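**Student:** Fold the following and give me the result.
(chains A and B)
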Amino acid sequence: MENYKYKILIVDDNAELVNLIAAILKEDGYRKVLTAGSMKEGMEIFRESRPDMAVLDIMLPDGDGFSMFAKMREESEIPILFLSAKDEDEDRLFGLGLGADDYITKPFLPKELLLRVRAVLKRTYHIKDEKKETVIRLGGHEVLPERAAVRFEGEETPLTAKELALLMKLSQNRGRIVTFDALCNAVWGDFYYGYENTLMVHIRHLREKLEDDPSHPKWILTARGLGYRLEKEQP
Amino acid sequence: MKSLLKIIRRYSLTVGLIIFVILFCNVGIFIGITYIAERGVKEQVYGRDSMERAGKELCLTDAGVTISEKGLEILENTDFVWAMALDANGRAVWEWRLPNEIPRSYTLQDVSVFSRWYLKDYPVRTWKSGQWLLVFGCDKGKIARYDMIMSAEGFKLFPVYAKAAVFVNLAIIVVFIISFGFRFYLSLKPVAEGIDRLSVGEATDIPESGAMEELAKKLNLVSGKLKEQQKALAKRDEARTEWIAGVSHDIRTPLSLIVGYSDKLAEDENLSAENRKTAENMKRQSLVIRQLIADLNLTSKLAYQAQPLKKRICSPAAILRDCVAEVYNGQLERAGGAKNKTLDMLPDHTVEIAVKAEAESVRMTADEGLVRRALKNLIGNSIRHNKEGCHVTITLLVKETQICWRVEDTGRGIPETVVQNMDRQDSAVHIMGLRLASQIARAHGGELTFIRRSSGSYDVEFSAEREV
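**Tutor:** Predicted coordinates:
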């Protein structure tokens, strides 16, 4: 993975936790992980080694993560992920409008941390790759979002804007049920009520374009009474 | 203020009643006295009837004027104490028990005077019988006489005067009642307002003057004490909430380490399968602690109103679908997703939602995150306490001003002991999830209601006001 070349700085006053996070990242494949136990130390390493990403604890012995974040932002635009130990930090982060790239609440699963770090890196540094990757594969069908079309056996069928929006929402949550409400909000920016039939019609059209047998769908599955789910690709 | 008006109204009414009663009593007493006086006069025989009859028994004989036996008997039966007959010249021609002090001869002027007033202090009555004037003396101690003269006009207008007098009296009394009542009202008003403010927990500062000075002083004192107590209580609650927040904050970092280490162990190929499973369990339990800390934090904030509601317009049906979808998504994730083509193939637990068409269009103002958390707790309870599997049905009910989510399952239901101990802080039953749901319901003007099954256990219903 290309991600592994990026330098990641971890700042937390708990040395054990810093080491654990470093170990988790290294085990996953990240080769350059820098650690610091305080804001002062963190800033020194930051200026010296120019990391590509930082993971900051909010409570530091010589200041807080927010002010460190502000200092770092003065010098660089690297993505920053906050580690917070409070429930309400979520609100505080968004309330402060600091523009942090992500946050993660303690305690966290190592897998969760890795996913967030990966996502943040991907968002920041792989914009081009991402576009390439957004081709959605559904068996023999390939959905090409930039062209708003489905390719099957070399032939392209166009998708309407609404159909594409629905498909993108489903694809972002692939494997998970997306409720009617979430779909309507994503596509029409409205509540589900009043869109029941419209949504059903759009899903039927999508199935006609994507499924081998639209009346026995393999990809766009119905979760009765709840919503729809885009099936994951079989391994 | 309503109570003050009530007091004033009752006061005026009482005064009115008192006036009425006194008036009534007076009339009664007057009538009674008149009756007794009349009866006294009637019982003693002073009437003209006996005078007339006695007069008829007088006759002129050779021996002068005499009275027959019957006439004497009549006189005996009257209450007159003496009698005499005067002839045209004013001389007493006949007498009966006439005291010596009474003169035996009268001029015309004398007659005119005593006939209207007294004769030697005896009240007398006169009666003309034939050529004589009969004069009867009454008992000095028993009878009083009063001769009254008034203009015909005055006599005719007497009832009008009486009515006017009563009316004027009444008017004066009413004016006094109203003015005293009003002054009473004015002086009580600040005190009543102060009590009103105290009752809703506000501080009062009543001007300490006038008739209610003492009362106002004491009320101000009480207000000050209450304020101090409130402050102390708020301080304690705040301290407790902060303490819980601090502890949960401090627990999070070591818990991160436990989760991290146990995760590492669970993935460690060098460990035996059994040990890896143990590590996995450690991780899972740590995540349970994480949830408990979050719940504890929220429950303490809700209990001390330190959690402001983030109210938004939302759809109750959407909240429900989102919660249920999350349950399924969790199951899908654990099951690896790909193997399960349809939801009906998911093992053990099924969750069904029942939303009627009219419930679909309903909107409410609520803290969506909190309501979602409460519902997830309730659904999670049904699943967690029925490991062998069950079917959960959640029905969305729209009542007049409330939204209800009824959670029923085919499993064992909520036991009686839990329902009994819902409001007891010291109970050993682990019901933080339910208690949190109950707090969230109350913060939204609703409540958590338990519905008894025939088996004795309970299903649960979460309600919230549509407009909080």
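**Student:** so where do the helices sit in the stretch 101-250 of chain B?
**Tutor:** Here the stretch 101-250 of chain B has its helices, by DSSP state H, counting those that start in this stretch, at B:108-116, B:152-199, B:213-267.
**Student:** correction: chain A
**Tutor:** Using DSSP state H, the helices found in chain A span residues A:15-28, A:39-49, A:65-75, A:89-96, A:110-125, A:127-133, A:161-172, A:180-187, A:196-210.
**Student:** what's the most buried one of those helices?
**Tutor:** helix A:180-187 (a mean of 21; mean count of other CB atoms under 10 Å in any protein chain shown). C-betas here are computed from N, CA, C, even on glycine.
**Student:** Straight-line length of stretch A:139-156, end to end?
**Tutor:** 15 Å (CA to CA, to the nearest Å).
**Student:** Say whether chain B is contacted by that stretch.
**Tutor:** No: shown here: stretch A:139-156 not in contact with chain B (CB under 8 Å from any CB of the partner chain), separated by at least 12.8 Å.
**Student:** chain center to that stretch: distance?
**Tutor:** Distance of stretch A:139-156 from the chain centroid (CA atoms, centre = their mean, to the nearest Å) equals 24 Å.
**Student:** Quick one: mean pLDDT over it.
**Tutor:** Mean per-residue pLDDT for stretch A:139-156: 87.
**Student:** Which residues does that stretch contact?
**Tutor:** A:131, A:134-137, A:157-161, A:164, A:167-168, A:171, A:209-210, A:212, A:218-219, A:233 (CB atoms under 8 Å, 6 or more residues apart in numbering or on different chains).
**Student:** Repeat that for stretch B:353-366.
**Tutor:** Where contact means CB under 8 Å, 6+ apart, the residues beyond stretch B:353-366 that reach it are A:191-194, A:196, A:225-226, B:309, B:311-317, B:320-321, B:324, B:393-398, B:403, B:444, B:464-468.
**Student:** got any ranges where the stretch 51-200 of chain B has weak pLDDT?
**Tutor:** Counting by pLDDT under 70, the stretch 51-200 of chain B has low-confidence residues at B:147.
**Student:** Measure how buried whichever residue of it sits closest to chain A is and give me the count.
**Tutor:** Proximity of the stretch 51-200 of chain B to chain A (CB to the nearest CB) peaks at B:Val200, 29.9 Å away. By other CB atoms under 10 Å in any protein chain shown, the residues close to B:Val200 number 6.
**Student:** Now for residue 111: which residues touch it?
**Tutor:** All of this is about chain A. B:Asp263.
**Student:** that answer is for a different chain, and I need it for chain B
**Tutor:** B:Leu86, B:Gly90, B:Thr126, B:Leu133.
**Student:** Quick check: closest non-adjacent residue to the last one.
**Tutor:** Spatially, and ignoring its direct neighbours in sequence, B:Leu133 is nearest to B:Leu86 (4.5 Å; CB to CB, 6 or more residues apart in numbering or on different chains).
**Student:** Against A:Leu60, how distant is the one you found?
**Tutor:** Distance, B:Leu86 to A:Leu60, using CB to CB, to the nearest Å: 137 Å.
**Student:** how deep is B:Ala162 tucked in, by neighbour count?
**Tutor:** Using other CB under 10 Å, B:Ala162 has 10 other residues around it.
**Student:** how is the chain carved up into domains?
**Tutor:** Let's take chain A. Following automatic domain parsing, one gets these domains for chain A: A:2-129, A:134-230.
**Student:** Wait, chain B was what I had in mind.
**Tutor:** B:2-43+B:150-191, B:48-137, B:233-307, B:309-465.
**Student:** Need those domains in TSV (columns: distance to A:Val117).
**Tutor:** Shown next, in TSV, are the domains of chain B (distance: least, CB to CB, whole Å):
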stretch	distance to A:Val117
domain B:2-43+B:150-191	65
domain B:48-137	129
domain B:233-307	14
domain B:309-465	20
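**Student:** So for A:Thr124, which of those sits nearest?
**Tutor:** Closest to A:Thr124 of the domains of chain B, according to CB to CB: domain B:233-307, at 24.7 Å.
**Student:** any idea how far the closest one is from the chain center?
**Tutor:** Worked out by CA atoms, centre = their mean, domain B:233-307 lies 51 Å from the chain centre.
**Student:** quick one: low-confidence ranges for chain A?
**Tutor:** Where chain A drops to pLDDT under 70, the residues are A:1-2, A:87-97, A:127-133, A:234-235.
**Student:** give me the low-pLDDT residue ranges for the stretch 351-468 of chain B?
**Tutor:** Scanning the stretch 351-468 of chain B for pLDDT under 70 picks out the ranges B:425-430, B:468.
**Student:** quick one: B:Leu396 and B:Ile403 touch, right?
**Tutor:** Yes: between B:Leu396 and B:Ile403 a contact is recorded at 7.3 Å, counting by CB atoms under 8 Å.
**Student:** so what's in contact with the two at the same time?
**Tutor:** In contact with both B:Leu396 and B:Ile403: B:Pro316, using CB under 8 Å, 6+ apart.
**Student:** more neighbours, the two?
**Tutor:** B:Ile403 (25 against 20).
**Student:** mind checking the SS state of that one?
**Tutor:** strand (DSSP: H, G, I helix; E, B strand; the rest coil).
**Student:** Excluding sequence neighbours, find me the nearest residue to it.
**Tutor:** Ranked by CB to CB, 6+ apart and with sequence neighbours excluded, the top spatial neighbour of B:Ile403 is B:Pro316, at 4.7 Å.
**Student:** now the contacts of B:Val111 in JSON lines, with neighbour count?
**Tutor:** Shown next, in JSON lines, are the contacts of B:Val111 (neighbours: other CB atoms under 10 Å in any protein chain shown):
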{"residue": "B:Leu86", "neighbour count": "22"}
{"residue": "B:Gly90", "neighbour count": "16"}
{"residue": "B:Thr126", "neighbour count": "16"}
{"residue": "B:Leu133", "neighbour count": "20"}
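**Student:** show me the contacts for the residue lying farthest from the centre of chain B.
**Tutor:** Relative to the centre of chain B, and counting by CA atoms, centre = their mean, the farthest-placed residue is B:Asp62 at 93.9 Å. By CB under 8 Å, 6+ apart, no residues touch B:Asp62.
**Student:** Quick one: name the residues of the stretch 351-468 of chain B near chain A.
**Tutor:** Within the stretch 351-468 of chain B, the positions lying close to chain A (CB under 8 Å from any CB) are B:Glu352, B:Ile353, B:Val355, B:Glu360, B:Ser361, B:Arg363.
**Student:** could you redo the last one with a cut-off of 10 Å?
**Tutor:** Residues of the stretch 351-468 of chain B lying near chain A by CB under 10 Å from any CB of the partner chain: B:Val351, B:Glu352, B:Ile353, B:Ala354, B:Val355, B:Ala357, B:Ala359, B:Glu360, B:Ser361, B:Val362, B:Arg363, B:Gly369.
**Student:** Now intersect those residues with the strands, please.
**Tutor:** Applying DSSP state E to these, the entries found in strands are B:Val351, B:Glu352, B:Ile353, B:Ala354, B:Val355.
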